[in-house]
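Asker: sequence and predicted structure are below.
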Amino acid sequence: MDWLKALYESFYNALIPEQRYLAYLSGLKMTLLIAAFAVLLGTVIGVVVAMVKVGSKGTKSRILKILAKFCGFYTTIIRGTPIILQVIIIYNLVFTSPNTSRVLVGTICFGINSGAYVSEIIRAGIESVAKGQMEAGRSLGFNYIQTMWQIILPQAIKNILPALGNEFIVMVKETAVISVIAVNDLMKMAQYVGSRTWDTIPPLVIAGMIYLIITMILNKIMGYFERRLAQGDHH
């Protein structure tokens, strides 16, 4: 049973002495904060990009077509390159000031990354709405943006809410790479505890368990909303 005692002591040292459990809580707070703001920014970017892409179809507007090509280039590049590469490039090339907030960098980087994926989710949601809805809105005197905002998007969001929830769950896990620019997120704090205890595995296992618990909680929340939406469709 010596191995069991050693295992207990290793996890005890990774949590209790020097109130090390507070380090995990601090890192978790930073992880959730970055993920939440990144998804909000990504949703705004995604809505704009999706509206441009959908609006460019069947239009004669040269400006809109140019914007649609730019949006297509943006989604291709972001979805085709690793998130860790994007973080390093944005941090080292865009935000060159030593006083730049690493949290701001992380939020912007993950927001840009999330926007590329959210845009495709929203675009699919918009295209799932009957085309007659757009025609009905325009016949009421609404312009394209008003019709999209007041008629099309509310219906599209209802269809894609589960996918948007999954994007948030993915974002929570992907923020682990932000530790490469020394942001004190959950992963970085686990590494810090490991450097204090000279035993890196228990802190990383604890961080992994926290990620798993958060993911399971978010999945439960999304399942609840999916059931509510399904019930609403039946009424």
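Answerer: Thanks, I have it.
Asker: only C-alpha atoms for contact and neighbour calcs from this point on.
Answerer: Will do.
Asker: so which residue is smack in the middle of this structure?
Answerer: The structure's the chain has its C-alpha centroid closest to Met171; by Cα atoms, centre = their mean the separation is 3.5 Å.
Asker: that one and Leu33 touch, don't they?
Answerer: No. Between Met171 and Leu33 there is no contact under Cα atoms under 8 Å: 11.0 Å.
Asker: the host helix or strand of Ile121 - contacts with which helices or strands?
Answerer: Assessed by DSSP states H and E, Ile121 sits inside helix 102-128. Helices and strands touching helix 102-128, by 3 or more Cα pairs under 8 Å, 6 or more residues apart in numbering; DSSP states H and E, are helix 21-55, helix 62-80, helix 83-89, helix 153-174.
Asker: buried residues, that helix. List them.
Answerer: Applying a neighbour-count criterion of 16 or more other Cα atoms under 10 Å, one finds 102-103, 105-126 buried in helix 102-128.
Asker: now swap in stretch 169-188 and tell me
Answerer: In stretch 169-188, counting by 16+ other Cα under 10 Å, buried: 169, 171-173, 175-179, 181, 183-188.
Asker: surely Ala36 and Phe168 touch.
Answerer: Yes. With contact defined as Cα under 8 Å, Ala36 reaches Phe168; the gap is 7.5 Å.
Asker: between the two, tell me which one has more neighbours.
Answerer: More neighbours surround Phe168 than the other of Ala36 and Phe168, with 23 against 18 (other Cα atoms under 10 Å).
Asker: so who does that one touch?
Answerer: Applying Cα atoms under 8 Å, 6 or more residues apart in numbering to Phe168 gives the contacts 35-36, 39.
Asker: buried stuff in stretch 70-84?
Answerer: 71-72, 74-75, 78, 83-84.
Asker: show me how far it is from its chain's centre.
Answerer: 15 Å (Cα atoms, centre = their mean, to the nearest Å).
Asker: what does it rub up against?
Answerer: 49, 52-53, 86, 110, 112-113, 116-117, 177-178.
Asker: now do Leu15 against Val94, distance only.
Answerer: 37 Å (Cα to Cα, to the nearest Å).
Asker: more neighbours: which of the two?
Answerer: Ranked by neighbour count (other Cα under 10 Å), Leu15 and Val94 place Leu15 first, with 19 against 10.
Asker: and the residue nearest to the centre of the chain, what pLDDT?
Answerer: We note a pLDDT of 83 for Met171 in this prediction.
Asker: same question, the one 4 residues further on
Answerer: Looking at Thr175, its pLDDT is 82.
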